[in-house]
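1. here's my sequence, what's the structure:
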Amino acid sequence: MPAPANMTPSRRGLIIAAPRSGSGKTTVTLGIQRALSRRGFGVQPFKCGPDYIDPAFHAAAAGRESFNLDSWAFTDAQLAELLARGSDADIAVAEGSMGLFDGVAQPGASGDGSNADIAAATGWPVVLVIDVSGQAQSAAAIALGCRLFRDDITLAGVILNRVASPRHDMLLRKGMEKAGIPVLGAMPKRADLILPERHLGLVQAGDTADLAARLDALADFAEAHLDLDALTALATPSRLDMPAHAIITDTATAPIVPPGQRIALARDAAFSFVYPHLLAGWRAAGAEIIPFSPLTDEGPDPACDVAWLPGGYPELHAGRLAVAAKFRAALRDFARTRPVHGECGGYMTLGAGLVDAEGARHEMVGLLGLETSFAKRSMHLGYRLATLHEAAPGHAAGALLRGHEFHYTTILAEPDAPLARVVDANGKEVPETGSRRGHVSGSFFHLISAVGPHGGNGA
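-> Residues are numbered from 1 along each chain as shown. Below you'll find the predicted structure:
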């Protein structure tokens with residue numbers, strides 16, 4: 001079915017948020033994205049905040065790459081450029097992260113990283129998903145509090161999730177009616193529709209069995225229990241609209257500089273955490289990306305001038321990586337003359353050894369002296385601001401980089417020269433500095449954006 005005539009191609013959108021984590025935002029968002037796509041809408045997905053896993057599910061549900069919108073890491077000009085990537089869509093559906101107002105204490109590029117910042121910047125209305133388990137009319141007080149907490153956002157309605165019975169539904173709606181908050185749907189408890197999880201969140205989209213069937217089941221559920229016509233009618237054009245070809249002139253913004261002209265990118269089940277906006281930026285700058293798979297014992301294309309190992313789940317594949325002799329030899333040979341960089345899981349792989357959750361040590365590539373362990377889980381989570389001590393691929397010495405760290409690794413040894421001075425969002429120095437040896441560098445933080453200075457390929 002074609003999109004309605006009044007839904008002309010634009011960046012009209014809305015944000016699916018919640019008062020807290022675990023409310024069911026992802027399953028509700030995927031159901032909406034898939035259902036609207038099946039109706040013939042061009043759906044542009046977005047994710048508020050730093051996240052790799054949810055956007056991959058969005059892409060599968062909507063058939064379009066999902067981009068991250070992050071007020072701590074991006075200026076308004078950068079956010080506008082990202083929104084321009086969905087300019088040919090009928091509607092944008094953005095999923096929030098954590099709670100609606102949850103962010104860091106000290107603001108970054110354009111805000112504190114909260115979903116509310118994105119709602120204020122774009123003008124998109126917020127649809128609040130509330131897990132109503134164990135409450136009835138009190139859910140309306142939560143929704144009303146969210147509506148009144150900031151006067152620069154619009155809470156357009158709620159979706160009641162995990163409703164226990166028709167009586168429960170009736171009581172919930174009475175509370176929302178008293179608070180003057182529209183109910184856009186009520187979704188009964190359905191344990192069979194929960195997506196599988198792993199220690200960093202959901203299992204990756206590519207590892208989820210019967211993904212298409214699961215997404216269709218979520219869409220069926222959304223069709224049955226949500227007012228999708230009302231939801232689409234709520235979507236409003238973004239205040240940050242700009243032509244897709246516009247050039248950012250914000251002096252606080254450094255353009256995305258590719259780490260090389262021909263980039264060998266590790267890309268498989270162990271190395272999948274790379275932000276779509278970075279890849280798009282590299283390509284827009286004229287770089288060519290050549291993927292290779294360490295898990296199938298492939299090395300980087302020797303015709304490339306830089307190798308990049310992104311994050312992922314190398315700890316789940318450490319045994320295979322340890323015996324991938326061709327990959328290890330090819331990467332070592334590559335690193336003799338050209339830069340190699342790893343982020344988080346890629347950084348661990350470049351190290352000397354990795355201890356898995358069962359306590360078994362696996363030899364890694366050995367281009368750095370890093371030793372890591374998952375036998376004792378230690379969570380590292382948060383925004384990072386890094387100042388490079390020396391040049392790294394794509395960035396000159398002194399470059400200021402915004403990123404995010406999220407892993408459960410214990411560092412046993414990090415003996416090489418530190419790559420950067422790294423602080424958290426409050427300016428407190430953190431010990432995970434990354435490291436460098438010869439042409440090889442790595443960090444636990446995932447690059448999101450550069451502040452400056454920049455330039456050069458860091459070779």
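2. in stretch 44-62, what's buried?
-> 44-62 (16 or more other CB atoms under 10 Å). For the C-beta atoms, the positions are set from N, CA and C on the backbone; glycine is no exception.
3. now stretch 126-144
-> For stretch 126-144, a neighbour-count test (16+ other CB under 10 Å) marks 126-132, 135-136, 139-140, 142-144 as buried.
4. just list whatever residues bridge to residue 386.
-> Taking DSSP bridges as the rule, residue 386 bridges to residue 401, residue 422.
5. quick one: stretch 161-176 to chain centroid distance?
-> Distance, stretch centre to chain centre, for stretch 161-176: 33 Å (CA atoms, centre = their mean, to the nearest Å).
6. report how many residues lie close to residue 35.
-> When neighbours are defined as other CB atoms under 10 Å, residue 35 has 24 of them.
7. and it, what pLDDT?
-> Residue 35 carries a pLDDT value of 98.
8. again with residue 253
-> For residue 253, pLDDT reads 52.
9. for residue 116, same thing?
-> So, for residue 116, pLDDT stands at 98.
10. which residues does the helix or strand harbouring it contact?
-> Following DSSP states H and E, one finds residue 116 within helix 115-122. With contact meaning CB atoms under 8 Å, 6 or more residues apart in numbering, helix 115-122 is reached by 13, 15, 17, 48-49, 69, 71, 76, 79, 83, 94, 96-103, 110-111, 124-126, 149-150, 152-154, 238-240.
11. which of those residues are buried, as a PyMOL select command?
-> To isolate the buried members of the contacts of helix 115-122 in PyMOL, using 16+ other CB under 10 Å:
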select buried, resi 13+15+17+48+49+69+71+76+79+83+94+96+97+98+99+100+101+102+103+110+111+124+125+126+150+153+154+238+240
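12. C-terminal to the helix holding residue 116, what's the next element?
-> Past helix 115-122, the next helix or strand by DSSP H and E is strand 126-131.
13. what about the buried residues of stretch 44-62, which are in helices?
-> Using DSSP state H, 53, 54, 55, 56, 57, 58, 59, 60, 61, 62 are the members of the buried residues of stretch 44-62 that sit in helices.
14. which of those residues sits closest to residue 374?
-> Taking CB to CB as the measure, residue 53 is the one of these closest to residue 374, at 18.0 Å.
15. what pLDDT does residue 431 get?
-> 93.
16. give me every residue that touches it.
-> Residue 431 neighbours (CB under 8 Å, 6+ apart): residue 411.
17. cutoff 10 Å now
-> By CB atoms under 10 Å, 6 or more residues apart in numbering, the contact set of residue 431 is 380, 411, 414, 418, 422, 444.
18. tell me how far it lies from residue 410.
-> 12 Å (CB to CB, to the nearest Å).
19. tell me, what's touching those two both at once?
-> With CB under 10 Å, 6+ apart as the test, residue 431 and residue 410 both reach residue 380.
20. quick one: average confidence on stretch 211-220?
-> Here the average pLDDT along stretch 211-220 is 94.
21. just the CA atoms of it, as PDB, please.
-> What follows is stretch 211-220, C-alpha atoms only, in PDB (Å, rounded to 0.1, in the frame of the first residue of the first chain):
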ATOM      1  CA  LEU A 211      15.100 -12.600  12.200                       C
ATOM      2  CA  ALA A 212      12.600 -11.900   9.400                       C
ATOM      3  CA  ALA A 213       9.900 -14.000  11.100                       C
ATOM      4  CA  ARG A 214      10.600 -12.400  14.500                       C
ATOM      5  CA  LEU A 215      10.300  -8.900  13.000                       C
ATOM      6  CA  ASP A 216       7.100  -9.800  11.200                       C
ATOM      7  CA  ALA A 217       5.600 -11.200  14.400                       C
ATOM      8  CA  LEU A 218       6.500  -7.800  16.100                       C
ATOM      9  CA  ALA A 219       4.800  -6.000  13.200                       C
ATOM     10  CA  ASP A 220       1.700  -8.200  13.500                       C
END
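22. hmm, who's touching it?
-> 26-39, 56-57, 60-62, 190, 192-196, 203, 205, 208, 210, 228.
23. please redo it, this time with the cut-off set to 6 Å
-> 27, 30, 31, 34, 35, 38, 60, 61 (CB atoms under 6 Å, 6 or more residues apart in numbering).
24. for that stretch, which residues meet the burial criterion?
-> 211, 214, 215, 216, 217, 218, 219.
25. tell me which two of those residues sit farthest apart.
-> Among these, 211 and 219 lie farthest apart (CB to CB), at 12.5 Å.
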